[in-house]
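# pasting the sequence and the predicted model now:
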Amino acid sequence: MQQDGGSGYFSQPTNTGSVFDQRQDSDEEEQIQKVRSRPTLNAYGMPKRASSSSSTGSGGGGRNSNSSANDKRQSKTEHIYATRESTDLMQKIRVCVRKRPLNKKELAKSETDIIDVGSRKRLTVNEPKVKLDLTKFTEEHKFVFDEVFESSADNEEVYKRTALPLVEYVFEGGKATCFAYGQTGSGKTYTMLDMRSGLYVLAAADMFYLLNEPEFAHLSAYVSFFEIYQGQLYDLLNRRKKLFAREDGKQRVQITGLQEYMIENVDQLLEVFEYGSNNRSTGTTGANADSSRSHAILQIVLKHKDNKKRVHGKFSFIDLAGSERGADRGETNKQTRMEGSEINKSLLALKECIRALDLGKNHLPFRQSKLTQVLKDSFMGKSRTCMIATVSPSIGSSEHTLNTLRYADRCVHNGASSVKDAVLTTWVHDFTV
């Protein structure tokens, strides 16, 4: 089922520089009422930022106000560049795991938490099993990754150790990719694309702060938002217009027809994102009542103001479709089976590309899927990638959780996430299933 994003008062872009034009309405009076109720828009057709003059007035205590402002700017700068000394955050490819808390449904069923986070890099999955003689036991599966986040970690903490190091890298002229992988309902979209505290919101806030610094005054930010659904590309900011990915003469992938919009602050980004999200392909599955059936890619590109064709850096945020098997998605018709097949094909291709990158192979299998094809430029050359595997701790999701962790483990052949022959087995006769 595809949601229609046409209910808002923003529509397609024009060539005049506005982000969205007003929709035509057959009822003129109703349209006038809509216009009166809208927020004040800037030249790009987006809500204007609230004036800060009231909070930075020149009356009394000016010296203290300036000092306070300078302290805040210094603190913000230190926050952004705090990762410079952490060499473990500067790897070309980082694989992290985020354990979400038990949800209300799982708590209502009194399901057991089977994931133990032993340290910042280690976790154990306690998988319940039953022998042929009906003896119950627990098999322990131990994993090591570049970073493991406990269920108590909020998005801000995850951001500081995953996407924040990539922000500075993008301003240094690099291309960064951050994506979430896991079964439906494991927290992928919340981690990556939550409108209040998703990684893209937190990263954008820091990016716009840096854009206001004199050092980067020559740069502007542009946003695009598209999805890959059943091997086809659709522009989520242009009424799901079909797009085409082609290689140019320099073997760089160009997405023909993709709309980009210049944005000046986080509020504008949220406005654009909300519009695009309403156009994303979703469907009801056995795993989730509102499951993402596509891969969504939000890109923030830094370009030179005097030459918009000159890209300085790019940050891609990817919310992958659910990774569970077709039987678990409740796929009972041809349409959902085709969706599941295409999703799994692209996820396999993504794993192979990341693994080949880690091994330093000359040939990378980018053409195996549309997902890897459009991400080719983000992975090649001066680039860094952070993968966040999201997992459910519930006993009912043990198989999905192990599949996600094994996928993440295999993405890096000999990296910190690989632990060979580390599966330990213990016998617990009184384990309650």
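Yep, it's here. Residues are numbered from 1 along each chain as shown.

# just the helices in the protein please.
Assigned by DSSP state H, the helices in the chain fall at 28-37, 62-80, 104-108, 155-161, 164-171, 188-193, 199-211, 266-277, 326-329, 334-359, 370-374, 376-379, 398-411.

# closest to residue 301 out of these?
Checking those against residue 301 by Cβ to Cβ gives helix 164-171 as the closest, at 9.2 Å. All C-beta spots, glycine's among them, are computed from the backbone N, C-alpha and C.

# in terms of secondary structure, what does that closest one contact?
Packing contacts for helix 164-171, counted by 3 or more Cβ pairs under 8 Å, 6 or more residues apart in numbering; DSSP states H and E, involve helix 62-80, strand 175-181, helix 199-211, strand 307-319, strand 383-391.

# which stretch in those has the least confidence?
In terms of average pLDDT, helix 62-80 trails the rest of these, at a mean of 57.

# quick check: bridge partners of the residue nearest to residue 226 when sequence neighbours are not counted?
Leaving aside its sequence neighbours, residue 226 sits nearest to residue 235 (Cβ to Cβ, 6 or more residues apart in numbering; 5.2 Å). Beta-bridge partners recorded for residue 235 (DSSP bridges): residue 226, residue 241.

# how many other residues sit next to residue 375?
When neighbours are counted by other Cβ atoms under 10 Å, residue 375 registers 27.

# touching, it and residue 316? I think so.
Yes: if you go by Cβ atoms under 8 Å, residue 375 and residue 316 touch, sitting 7.0 Å apart.

# joint contacts of the two?
177, 297 (Cβ atoms under 8 Å, 6 or more residues apart in numbering).

# low pLDDT regions in the stretch 251-400 of the chain?
Within the stretch 251-400 of the chain, the segments meeting pLDDT under 70 span 282-292, 324-332.

# before we move on, back to that, quick one: which of the helices of the chain is nearest residue 120?
Comparing these by their distance to residue 120 (Cβ to Cβ), the top pick is helix 155-161, with 8.9 Å.

# contacting residues around that closest one?
With Cβ under 8 Å, 6+ apart as the test, helix 155-161 has contacts from 82-83, 89, 96, 98, 147, 149, 190-191, 194, 197-199, 202-203, 388.

# what subset of those residues is buried?
Applying 16 or more other Cβ atoms under 10 Å to these, the neighbour count classes 83, 89, 96, 98, 147, 149, 190-191, 198-199, 202-203, 388 as buried.

# turn those into a markdown table, columns for distance to residue 339.
Shown next, in a markdown table, are the buried ones among the contacts of helix 155-161 (distance: Cβ to Cβ, whole Å):
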| residue | distance to residue 339 |
| --- | --- |
| 83 | 38 |
| 89 | 36 |
| 96 | 27 |
| 98 | 25 |
| 147 | 31 |
| 149 | 29 |
| 190 | 22 |
| 191 | 22 |
| 198 | 24 |
| 199 | 25 |
| 202 | 31 |
| 203 | 29 |
| 388 | 23 |
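
# between the residues you listed, which is closest to residue 365?
residue 388 (22.6 Å).

# got the contact list for the closest one?
Contacts of residue 388 were listed using Cβ under 8 Å, 6+ apart, and they are 96-98, 158, 162, 178-181, 191-192.

# same thing but 7 Å
96, 98, 162, 180, 191 (Cβ atoms under 7 Å, 6 or more residues apart in numbering).

# look up how far residue 360 lies from the residue nearest to the fourth one when sequence neighbours are not counted.
Using Cβ to Cβ, 6+ apart and skipping the chain neighbours, the partner closest in space to residue 180 is residue 188 (4.0 Å). Residue 188 is 29 Å from residue 360, where distance means Cβ to Cβ, to the nearest Å.

# same question, residue 193
From residue 193 to residue 360 the distance is 32 Å (Cβ to Cβ).

# more crowded one of the two?
The residue with more neighbours, out of residue 193 and residue 360, is residue 193; 22 against 8, by other Cβ under 10 Å.

# my read is that that one contacts residue 319, right?
Yes: if you go by Cβ atoms under 7 Å, residue 193 and residue 319 touch, sitting 5.1 Å apart.

# distance of the residue lying closest to residue 347 once chain neighbours are set aside from residue 383?
Leaving aside its chain neighbours, residue 347 sits nearest to residue 323 (6.0 Å; criterion: Cβ to Cβ, 6+ apart). Separation of residue 323 from residue 383 (Cβ to Cβ): 23 Å.

# mind pulling up the pLDDT for residue 427?
pLDDT, residue 427: 40.

# again but with residue 130, I slipped
Looking at residue 130, its pLDDT reads 90.

# in this structure it contacts residue 136, no?
Yes: with contact defined as Cβ under 7 Å, residue 130 and residue 136 form a contacting pair (5.5 Å).

# so these two - more neighbours on which side?
Just comparing residue 130 and residue 136: by other Cβ under 10 Å the higher neighbour count belongs to residue 136, 15 against 11.

# the more buried one and residue 127 touch, don't they?
No: using Cβ under 7 Å, residue 136 is not in contact with residue 127; the gap is 11.6 Å.

# who are the contact partners of the residue nearest to residue 347?
The neighbours of residue 323, taking Cβ under 7 Å, 6+ apart as the test, are 181-183, 347, 404.
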